[in-house]
Structure formats: C-alpha cells, structure tokens
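# Okay, here's the prediction I keep looking at, along with the sequence it came from:
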Amino acid sequence: MNVTLLNTDIQLENERVLLLPFHHKRNQELKKIIFQDDIWEFMGMHMKTENDFNEYLANTEKDKLNAVSYPFLIIDKKTNRVAGSTRYGNINVESEKCEIGWTWYGKDFQGTGLNHACKNELLKFGFENIGFRRIQFSADEENIRSQKAILKLGATKEGVFRNNYISPNGSSRNDVYFSIIKEEWSAIKSERFSTF
C-alpha cells in the first residue's frame, strides 16, 4: 500500500468533477452553500454560523494533519463552482482500508450525477494508486437517498451499526454500512463507471 500518497497534494479529475485538496484557497467558497440546513440532517452536526464554518474548516484540517482523513473540495466542472466536500476517512494503514464519506453537496448539485463522478475518482485512486483492500461507506439508517446512491456504486450492504453516532439534538442514530473490496473493483469499474 502506498500511503505516502496521502502526504501529497492529491488532485483527481474526470470530465465532470475536479477534486482538490481541502486546504486549497477555494475552501472559502464553501460558505456559499454550507448553510443550507437540510444538508446536515444526517451528518451528526449543524452549520448555522460563521463560527460553525470556521470550526468545520479547522477540524477538517486537523483530521488531515493527524492522518485520520484526507479531505477534498468537490468542484463541478460544468459550472466551475465549489459543490461540496468529501474525504477518505477512518484510514487504517494496518488493515489497508478506509471509508469514503463525510460527503455533502449544496442543493444545486444534488441529483446531478456529480456524486457518481466523484466516487469514481475516489474509488479508482483508492484501489489502484493507494492500494486499499477495502473501502467502506456508511449512511444514516433513515437517509434512504444516500443508501441508494451507495448501492448505485456497486457496494455491498453489510449491516446496521446501532447507536453509531449522536445527533446534535442528543439522540442516538443508527448507520447502515456498505463496502467494496479490491477483488470486486475491476468488475464494478467496468459495470458502473465505464463512462469516465
């Protein structure tokens, strides 16, 4: 596994999407979309004030510095606008696995195909360049939209993690977990991502 790549500035791109390292100066453009309330319904956090935004930036950068995650800005190449953010998270070098998640998009970019293009680049780079053996995904049990999007990637549903996180209102939330493993990637790439 080539984990040294996670210490470099990774830029991923296809005809639909550009993924830039989160620390890129364009991260300030997230302010234009980040305060849309329904984005955060299933994210275990809220985003209401400038202070919330600054904390989000600082915490995301801190996780990158601590090698817990590698975050990206998502750029919609059709409009050249910052559309949201995603990351490789829960990076486990010993087990050669990670989770793709913490993904969110502004309303204008939801349901446009941008997510599929983004996940194509993350999966391809994760399996083919970094060398992960397992890439997992999770979604709140009530977030049916995200679960459907994950299944469209070709991921296998594995089960429900009960009381997996606490929402901002203090309630316990369940997550559904999915994965793709390296032995499946070649076939999934051909079947699900042949247009990229």
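Nice, thanks for sending it over.
# Bridged to residue 165, which residues?
Note on residue 165: beta-bridge partners residue 173, judged by DSSP bridges.
# residues touching residue 131, list them.
Counting by CB atoms under 8 Å, 6 or more residues apart in numbering, residue 131 makes contact with 1, 2, 96. In this view, the C-beta of every residue, glycine as well, is placed from N, C-alpha and C.
# just the helices in the chain please.
50-65, 114-125, 144-152, 182-192 (DSSP state H).
# Determine which stretch of these is the most buried.
helix 114-125 (a mean of 21; mean count of other CB atoms under 10 Å).
# Just tell me which of the helices of the chain ends up closest to residue 37.
Smallest distance to residue 37 across those (CB to CB): 11.8 Å, for helix 50-65.
# Restrict that closest one to CA atoms and write it as PDB.
Extracted in PDB, the C-alpha atoms of helix 50-65 (Å, rounded to 0.1, in the frame of the first residue of the first chain):
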ATOM      1  CA  GLU A  50     -19.600  31.800  10.700                       C
ATOM      2  CA  ASN A  51     -18.100  30.200  13.800                       C
ATOM      3  CA  ASP A  52     -19.500  26.800  12.900                       C
ATOM      4  CA  PHE A  53     -17.900  27.200   9.400                       C
ATOM      5  CA  ASN A  54     -14.500  28.200  10.900                       C
ATOM      6  CA  GLU A  55     -14.700  25.200  13.300                       C
ATOM      7  CA  TYR A  56     -15.500  22.900  10.400                       C
ATOM      8  CA  LEU A  57     -12.500  24.100   8.400                       C
ATOM      9  CA  ALA A  58     -10.200  23.800  11.400                       C
ATOM     10  CA  ASN A  59     -11.400  20.300  12.400                       C
ATOM     11  CA  THR A  60     -11.200  19.100   8.800                       C
ATOM     12  CA  GLU A  61      -7.600  20.300   8.600                       C
ATOM     13  CA  LYS A  62      -6.800  18.900  12.000                       C
ATOM     14  CA  ASP A  63      -8.000  15.400  10.900                       C
ATOM     15  CA  LYS A  64      -5.800  15.700   7.800                       C
ATOM     16  CA  LEU A  65      -2.700  16.600   9.800                       C
END
